[in-house]
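J.: Sharing a model that was predicted from the sequence below.
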Number of protein chains: 2
Amino acid sequence: MLNPKFSKESWNPKRKDMDVDQLASSILKGDIVALSRGITLIESKRIADSEKKNELLSILFPHTGQSYRIGITGVPGVGKSTFIEQFGLAAIEKNHKVAVLSIDPSSAKSGGSILGDKTRMNELSKHPMAYVRPTASGQHLGGVAQRTRESMLLCEAAGFDFVIIETVGVGQSEIEAMQLTDFFLLLMLAGAGDELQGIKRGIMETADAIAITKADGNNVQNAKNAAQEYRRALHLMPPHEGEWIPKVGTTSSLEKKGMNDVLKWLYLYKEHCQNNGYWTKKRVDQAHYWFNKHLQEQMLYKLQHHPELQKQLQNTKEEVSNLNLDPFRAAERLLGALRMDIY
Amino acid sequence: MLNPKFSKESWNPKRKDMDVDQLASSILKGDIVALSRGITLIESKRIADSEKKNELLSILFPHTGQSYRIGITGVPGVGKSTFIEQFGLAAIEKNHKVAVLSIDPSSAKSGGSILGDKTRMNELSKHPMAYVRPTASGQHLGGVAQRTRESMLLCEAAGFDFVIIETVGVGQSEIEAMQLTDFFLLLMLAGAGDELQGIKRGIMETADAIAITKADGNNVQNAKNAAQEYRRALHLMPPHEGEWIPKVGTTSSLEKKGMNDVLKWLYLYKEHCQNNGYWTKKRVDQAHYWFNKHLQEQMLYKLQHHPELQKQLQNTKEEVSNLNLDPFRAAERLLGALRMDIY
C-alpha cells in the first residue's frame, strides 16, 4: 500500500518535480505516510510550496466533507489525551477510522507549547485505523484554523470517518475549533470549583455534550453529582440552535467506561441535525465564517505589501508612532483614501 | 462645576444641535456628567453619531496620554471588584483621581453578562475623585477594545491619573486589555489548583505583577505560600521585555492590606520603564497593533459594502454556500482579482 515514491529519503519539499498528483492519489488510497507528507506540505510556510498546496487541495476537495468533524476541549488536567485515546479505540471497535489533530497553543510570549511534547495517545497513535497529529498554534490563531481545516480535509480525503480536533480550554481556540467541527464535546472535572465554571460559561453554552471525566474509584459519586449540576445549568442556557438538548454523562478513561455513550450521542446528534437541516446549515455558516476571516487577514497583507501604498502607509504609521494620531482615526483616514476594484 | 447645558433632561443624542465643543470643554474641566455623556456618544452605534464622535475625539486627543493605564484581571471569584474598590480608595488617598472601565464580556451565545448587573464598587463609584463605568463587550472584542480605548482617552482628557481597565479572566479579552494598558496586574487565588494555573499560564507570562487576593483570616499563610510559588514560577518564564522583574505579593480587600504595595509597584514600574525607554516603546507598539487591527476590520467592511464588488462577492459566496469551494481558496480567488489604490 505504501508507495515507494514517498519513502522518507525521497521526500524533499524543495524538489521542483514533486508529483502532487501522485501524492494526492496515495492520500486518496488512505496511505498514512502520504497523508503525513501532505499535512507537512500544508503546514509549510515556504512560498515555493503554496502552489503545490493549492494544487493538492483542489484535487482532494471533491473527496472531502464525508467525515464526522468532532471538537473536543477541556482545561489542562481534565484528562483530554487519555479520554481521546479511549474514545478513539472505542470508535475503532465500531469500525470507524479515527484521525486526531491536536491544536497545541503556544504561550503568548515564550512560544512554548502548553500540552508539552510528552508522548501522548501511545496506543491510539500506533493503531493502523488511527492517525494522530499535533499542530503547534504559534501566535496566529487564524493561521492554525486554516492549517487545521486543510489538514482535516486531507484526513477526510484519506477516508477517516471521525476527525477529532483537540484544543486546550484556553478560550479563543475553542471558538475557532467550534467553527471547524460538527459536534463539540466539552470535558469537565467534578468539583473543579466556580472559578473554572465561570471561565467555561461561554464555552459551556456552545457544547453539544459534556462528559465528566475521571468517574472512577471513589470519584464516581462526585462525577454523577457534577453531571446532574451541569444538566441543570444547561437548562438555564439559551436553547441549542439545532434544537438539540445537549447530553451530559460521566466517563472513565482508566476503567474504559462511558465511551460508547459518547458514541451514541454522536450518532443521535447527526441523525437529529441531518433531519432538521441544521447539519448543512452549520457547515455553510462555518464556510462563510472562514471566508470572511481569511478575506480580512489577507486584505491587510495585500495592503501592507502594496507597492504604491507604501509611502502613504509609511507616513500614517509614522504619525501613529509619534503618538500624535490615534491609531483608530489613522486607520480610518487611510481607508478613506483607499479605492478597491476588480481586475 | 456641572454645566446646566448637560442636565439629564437636555441630553438627547438625536439632537442635531448637540454642541460637541461644549461637551469637550466640559470634559476637559473634569465634568463627570459630561464625561459620561461623551462615553455614551462613543458607545453609540448610530451612524448619525459617528461624526460627532470623531469630532469629540480629535478635540480631546491632544489632551490625552498622561494617565497611568492599568489593566487588572482575574477569574470570576478572585474578588476583582472588591480589590479594585480598595485599591482605588488607596490611590485616592495618595491624591490620584481614579477611573475604572470594566469590560464585562457577554457570553458567546446568550449575550448575557458574566459579571452580572449587581451593583459593584459602591463606595468607590460614589467618591468624587473616582469614576466607574461598565461596558458590555457583546460579541465583538475588537469593537470593545476600540470603545474602551476611546473611553480611556476621554477619562484621560477629564484629568484622571489612573485609568483602570478591568476584565474577567476569559482569555482573549486579557490579550486585548494588555494592548491598551501600561501595567498589567493579575489577581490570583491561593490554592486554586493546577487547572486554573494551566489556563492562566499564557496570561501569567504577560503580568507585570501578581497579587494574591483574600490574604486574610486563616488564609494568610496559604496566600503567602502561593505568592512564593508564583515567584518561583515567574523565574521559569521568559524575561520581561521591559527588563522588569514582575512583583508578587498578597492583598486583603477585607482588611484593606497590601494596596500600598501595589501602588509602590506601579511607581517603581513607571520609573523603571521610563528610564529604559520601554514605556514609550510599548505605547508605540500598541498604537501599531490597533492601527493594523482596525485596518483589517474596516477593509472587510469596505469590501462587503462596495457597490461594484457586490456581484463578484455574491457569486463567490454562493459557491462557498454550496460547499463546492473551500472558503480559504474562495477568499484567495477574490483577492487575486482585487485591486487597491489611493484616490
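T.: Everything's here; your move.

J.: Who are the contact partners of residue A:280?
T.: A:274, B:323 (Cβ atoms under 8 Å, 6 or more residues apart in numbering or on different chains). The way it works is simple: take the backbone N, C-alpha and C, and place the C-beta from them, glycine included.

J.: Buried ones in the helix or strand containing it, by neighbour count?
T.: Take DSSP states H and E as the rule and residue A:280 turns out to sit in helix A:278-304. When neighbours are counted by 16 or more other Cβ atoms under 10 Å in any protein chain shown, the buried residues of helix A:278-304 are found to be A:278-279, A:282-283, A:286-300, A:302-303.

J.: Any idea how far stretch A:311-327 is from the middle of the chain?
T.: 37 Å (Cα atoms, centre = their mean, to the nearest Å).

J.: got the contact list for it?
T.: A:303-304, A:306, A:330, A:333-334, A:337, B:57, B:61, B:65, B:153, B:280, B:283-284, B:286-291, B:294, B:342.

J.: Could you do stretch A:246-254 as well?
T.: Residues outside stretch A:246-254 that contact it (Cβ under 8 Å, 6+ apart): A:79, A:82-83, A:85-86, A:207-217, A:220, A:223-224, A:226-227, A:230-231, A:234, A:240, A:257-259, A:261-262, A:265, A:268.

J.: How far off centre is that stretch?
T.: Stretch A:246-254 has its C-alpha centroid displaced from the chain centroid by 21 Å (Cα atoms, centre = their mean).

J.: per-residue pLDDT, the nearest residue to residue A:283 once chain neighbours are set aside?
T.: In space, residue A:283 comes closest to residue B:323 once its chain neighbours are excluded; the distance is 6.2 Å by Cβ to Cβ, 6 or more residues apart in numbering or on different chains. At residue B:323, the pLDDT value in this model is 85.

J.: ok so residue B:323 is a helix residue?
T.: No - counting by DSSP: H, G, I helix; E, B strand; the rest coil, residue B:323 falls outside a helix, being coil.

J.: which residues of the stretch 51-200 of chain A score low on pLDDT?
T.: Low-confidence segments of the stretch 51-200 of chain A (pLDDT under 70): A:104-119, A:136-144, A:168-175, A:192-200.

J.: 50 instead?
T.: Applying pLDDT under 50 to the stretch 51-200 of chain A flags the ranges A:107-114, A:116-118, A:139-142, A:194-199.

J.: Which residue does the stretch 1-150 of chain A have closest to chain B?
T.: The stretch 1-150 of chain A approaches chain B most closely through residue A:76 (3.2 Å), counting by Cβ to the nearest Cβ.

J.: Now do the same contact list for residue A:90.
T.: A:256, A:259, A:260, A:262, A:263.

J.: go with 10 Å
T.: Each residue near residue A:90 by Cβ atoms under 10 Å, 6 or more residues apart in numbering or on different chains is listed here: A:96, A:98, A:256, A:258, A:259, A:260, A:261, A:262, A:263.

J.: cool, residue A:266 as well?
T.: A:68, A:70, A:87, A:91, A:96, A:162, A:182, A:183, A:185, A:208, A:209, A:247.

J.: and those residues, which two are the farthest apart?
T.: A:96 and A:247 (18.8 Å; Cβ to Cβ).

J.: Who has more neighbours out of the two?
T.: residue A:247 (21 against 18; other Cβ atoms under 10 Å in any protein chain shown).

J.: Now do the domain split for chain A, please.
T.: A:1-63, A:65-276, A:285-342 (automatic domain parsing).

J.: so what's residue A:256 closest to, chain neighbours aside?
T.: residue A:86 (5.5 Å).

J.: which residues in the stretch 51-200 of chain A form strands?
T.: A:68-74, A:98-104, A:130-136, A:162-168, A:183-188 (DSSP state E, counting those that start in this stretch).

J.: The first one to strand A:98-104, inter-axis angle?
T.: In this case it means strand A:68-74. 40 degrees (axes from the mean of the first three to the mean of the last three Cα atoms, to 10 degrees).

J.: Strand A:68-74 close to chain B?
T.: Yes - counting by Cβ under 10 Å from any Cβ of the partner chain, contacts between strand A:68-74 and chain B involve residue A:74.

J.: and if you look at stretch A:231-239?
T.: Yes - residues of stretch A:231-239 contacting chain B under Cβ under 10 Å from any Cβ: A:236, A:237, A:238, A:239.

J.: Break down the stretch 101-250 of chain A into its helices, ranges please.
T.: According to DSSP state H, counting those that start in this stretch, the stretch 101-250 of chain A carries its helices in the segments A:122-126, A:141-157, A:172-178, A:194-204, A:220-235.

J.: ok, residue A:182 to chain B distance?
T.: Computed as Cβ to the nearest Cβ, to the nearest Å, the residue A:182 to chain B distance reads 13 Å.

J.: tell me the contacts of residue A:228?
T.: Applying Cβ under 10 Å, 6+ apart, the residues contacting residue A:228 are A:212, A:248.

J.: how close does it get to residue A:222?
T.: Distance, residue A:228 to residue A:222, by Cβ to Cβ, to the nearest Å: 11 Å.

J.: What about the nearest residue to residue A:67 once chain neighbours are set aside, how many residues nearby?
T.: Setting aside the residues directly before and after it, residue A:67 is nearest to residue A:156 in space (Cβ to Cβ, 6+ apart), at 4.4 Å. Residue A:156 is flanked by 21 other residues according to other Cβ under 10 Å.

J.: is it true that residue A:156 touches residue A:57?
T.: No - checked against Cβ atoms under 10 Å, the pair residue A:156 and residue A:57 is beyond contact range at 11.6 Å.

J.: what touches both of those two?
T.: residue A:64.

J.: residues of the strand or helix carrying residue A:314 that come out buried?
T.: Assigned by DSSP H and E, residue A:314 falls within helix A:310-321. For helix A:310-321, the neighbour count (16+ other Cβ under 10 Å) marks A:312, A:313, A:316, A:317, A:319, A:320, A:321 as buried.

J.: got it, and stretch A:121-131?
T.: Quick answer for stretch A:121-131 (16+ other Cβ under 10 Å): A:121, A:124, A:127, A:129, A:130, A:131.

J.: Which of the residues you listed sits closest to residue B:27?
T.: residue A:121 (58.3 Å).

J.: Go ahead and confirm that closest one touches residue A:130.
T.: Yes - counting by Cβ under 10 Å, residue A:121 touches residue A:130, with 8.2 Å between them.

J.: overlap in contacts of the two?
T.: A:85, A:88, A:89, A:100.

J.: farthest pair in the residues you listed?
T.: Top of the distance list for those (Cβ to Cβ): A:89 and A:100, 11.5 Å.

J.: and those two? which has more neighbours close in?
T.: Taking neighbours as other Cβ under 10 Å, residue A:89 and residue A:100 compare with residue A:100 leading, 27 against 18.

J.: List the residues that are in contact with both of residue A:89 and residue A:100.
T.: A:121, A:124, A:130.

J.: now these in CSV, with distance to residue A:273?
T.: Compiled in CSV, the shared contacts of residue A:89 and residue A:100 are given as follows (distance: Cβ to Cβ, whole Å):
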residue, distance to residue A:273
A:121, 28
A:124, 27
A:130, 26
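
J.: Which single one of those is nearest to residue A:34?
T.: residue A:130 (16.2 Å).

J.: which ones are touching that closest one?
T.: Contacts of residue A:130 (Cβ under 10 Å, 6+ apart): A:32, A:85, A:88-89, A:91-92, A:96-100, A:121, A:123-124, A:160, A:162, A:164.

J.: again, only using 6 Å
T.: A:88, A:98, A:124 (Cβ atoms under 6 Å, 6 or more residues apart in numbering or on different chains).
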